[in-house]
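Asks: 3D, please:
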Amino acid sequence: MDIDEAGKGRKLELSELEKIRQDAFEISRIYKEKTKAFHDKKIVAREFTVGQKVWLFNSRVKLFGGKLKSKWGGLNVITKVTSYGAIEIQDPNGGKPFLVNGQRLKIAPNSSL
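Replies: Modelled structure (predicted):
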């Protein structure tokens with residue numbers, strides 16, 4: 001009889017453990033949804049057009065930068081806008097055009113030509 005009672009007690013413990021796991025999974029799912037909603041709310045969609053002047057983010061400043069160095073490089077001009085956020089830019093002084101991710105660009109004030 002003790003074995004039967006121990007088996008029933010163990011089954012009860014396992015069912016409680018499964019309920020705790022399900023609750024933890026649900027709480028984790030809710031947290032992830034809220035975090036994603038907060039992140040998506042902060043994203044700013046930017047539209048780029050050919051001829052706009054933009055600043056290019058310099059990632060090396062983050063690695064070897066000083067306190068007062070700007071992370072944004074000199075002005076560049078957009079020469080081509082491709083799909084999926086790739087932008088072709090060129091130095092206005094006649095540099096070679098190159099592709100960058102649109103998230104690395106910041107529209108300069110009074111940038112439309």
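
Asks: So which residues make contact with stretch 35-42?
Replies: Under the criterion C-beta atoms under 8 Å, 6 or more residues apart in numbering, not a single residue lies in contact with stretch 35-42. For every residue, glycine as well, the C-beta is placed using N, CA and C.

Asks: now do stretch 95-110
Replies: Stretch 95-110 is touched from outside by 46, 48, 52-57, 59, 72, 75, 79-80, 82, 85-90, with contacts defined as C-beta under 8 Å, 6+ apart.

Asks: out of the residues you listed, which are buried?
Replies: With burial judged by 16 or more other C-beta atoms under 10 Å, the buried subset of these is 48, 52, 53, 54, 55, 56, 57, 87, 88, 89.

Asks: what's the offset of the longest helix anywhere in the chain from the middle of its chain?
Replies: Ranked by residue count and defined by DSSP state H, the top helix of the chain is helix 2-42. Averaging C-alpha positions (C-alpha atoms, centre = their mean, to the nearest Å) puts helix 2-42 29 Å from its chain's average.

Asks: again, but for stretch 103-111
Replies: 18 Å.

Asks: And for stretch 80-91?
Replies: From the chain centre to the centre of stretch 80-91 is a distance of 19 Å (C-alpha atoms, centre = their mean).

Asks: roughly how far is stretch 77-90 from the heart of the chain?
Replies: For stretch 77-90, the distance to the chain centre is 20 Å (C-alpha atoms, centre = their mean).

Asks: Ok, stretch 46-64 next?
Replies: How far stretch 46-64 lies from its chain's middle: 16 Å, per C-alpha atoms, centre = their mean.

Asks: what do you get for stretch 79-98?
Replies: Per C-alpha atoms, centre = their mean, the centroid offset for stretch 79-98 relative to its chain is 22 Å.

Asks: what about it, how long is it end to end?
Replies: This stretch, stretch 79-98, spans 9 Å end to end (C-alpha to C-alpha, to the nearest Å).

Asks: before we move on, what about stretch 40-56?
Replies: Across its full length, stretch 40-56 reaches 23 Å between end residues, using C-alpha to C-alpha.
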